[in-house]
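**Student:** Need a 3D model of the following:
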Amino acid sequence: MDGWHADAESFPLRRAFAISRGARAEAVVVTARLCRDGLEGRGEGVPYARYGETVAGVLAQVAALPPDADEEAVAALPPGAARNAADCALLDWRAKRASVRAWDLLGLPAPGPVPTAFTLSLDEPSAMEGRAREEAHRPILKVKLGTPADLPRLEAVRRGAPRARLLVDANEGWTADDYLALCPHLLRLGVALVEQPLPEGEDEALRGLPRPVPLCADESVHVAADVPRLLGLYDSVNVKLDKAGGLGAALALRDAARAAGLSVMVGCMVGTSLAMAPAVLVAQGAALADLDGPLLLAQDRPRPLLYDERGVHPPERELWG
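**Tutor:** Residues are numbered from 1 along each chain as shown. So this is what the prediction gives:
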């Protein structure tokens, strides 16, 4: 039947995944489908409780779109998972209708593979050291932290992966004192970047504090209009389609950050290859990419993205775009 459809789908994880706010054993995503003129476009969003989203709410937002909704109607949704899923589904449908790839519609260069970080879940130091040793062949490891006792964890990861480039993500879990206590150790342990050390709304405390390694905003940045407030607090921004509300908004945030002198990381929620596919376009030329969601799943979508020694590759037409 023509129109917008939305379904909640669950994808079990390879192993439990924990951050400073809690743990999960599955990824629950919303798949938006636009059926029109005998073609179907698909997009994926991940409802995120941290931003006040629920699966039911995201499903309802997508299903409420009129059958003939265009880019303007989708853009009227608030930034978040529903707008992201619908925006990507509409672009997928438009690419199929025109028999071209999504990047051609947007006037973007043809994408190539992008090196990506692999995320280590928050755990006890011995467990994190073991996981780091298992993944030590990867060039970039992102380490989930966010407790007052993180130094033993970070040291354990470095022992397990002595040559990997390390990124640290505190997920708003530190205080200014926690951050200051870790500062002397960040360079010693070869940390390349620290993501969102303080809670959103409290990060003004970063102004004037030492920054031995670059700081990256995540929860504190959603859309391009957020960029001016970050200046002097952060060196980088984490662009996520689920926060920005789709591919177009993510590209706008990326460009606004670069224009303001900030570097760009392109990240993701824990989702499938359908969610990562459009993010690969945003990640072209980014300083860092963290698009490892499918690598954390026990099972991915059919025709998933290819991950190899060069990173994550652009999607095949059968998956998206």
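
**Student:** the strands in the stretch 151-300 of the chain, which residues?
**Tutor:** Applying DSSP state E, counting those that start in this stretch to the stretch 151-300 of the chain gives strands spanning 165-169, 191-195, 215-217, 236-239, 263-266, 288-289.

**Student:** who wins for proximity to residue 321 among the ones you listed?
**Tutor:** Using CB to CB as the criterion, the shortest distance between residue 321 and the strands of the stretch 151-300 of the chain is 15.8 Å, found for strand 263-266. In this view, the C-beta of every residue, glycine as well, is placed from N, C-alpha and C.

**Student:** could you check the distance from residue 139 over to residue 53?
**Tutor:** When CB to CB, to the nearest Å is the yardstick, residue 139 and residue 53 sit 33 Å from each other.

**Student:** Tell me which of the two has more neighbours.
**Tutor:** Comparing residue 139 with residue 53 by neighbour count (other CB atoms under 10 Å), the higher total belongs to residue 53, at 20 against 13.

**Student:** Quick check: the more buried one touching residue 60?
**Tutor:** No. Here residue 53 does not reach residue 60: they are 11.2 Å apart, not a contact under CB atoms under 8 Å.

**Student:** secondary structure class for residue 34?
**Tutor:** Secondary structure assignment for residue 34 (DSSP: H, G, I helix; E, B strand; the rest coil): strand.

**Student:** ok, for residue 184, nearest residue in space, not its chain neighbours?
**Tutor:** Taking CB to CB, 6 or more residues apart in numbering as the measure, residue 184 lies nearest to residue 212, with 7.6 Å between them; neighbours along the chain are not counted.

**Student:** dump the residue contacts of the one you found.
**Tutor:** By CB atoms under 8 Å, 6 or more residues apart in numbering, residue 212 lies in contact with 183, 184, 186, 187.

**Student:** Equivalent analysis for residue 180, please.
**Tutor:** Listed by CB under 8 Å, 6+ apart, the contact set of residue 180 reads 209, 210.

**Student:** how about the helices in the stretch 201-321 of the chain?
**Tutor:** 227-230, 241-244, 247-259, 273-282 (DSSP state H, counting those that start in this stretch).

**Student:** Tell me which of those sits nearest to residue 5.
**Tutor:** When the helices of the stretch 201-321 of the chain are ranked by proximity to residue 5, the top entry is helix 273-282, at 14.6 Å, counting by CB to CB.
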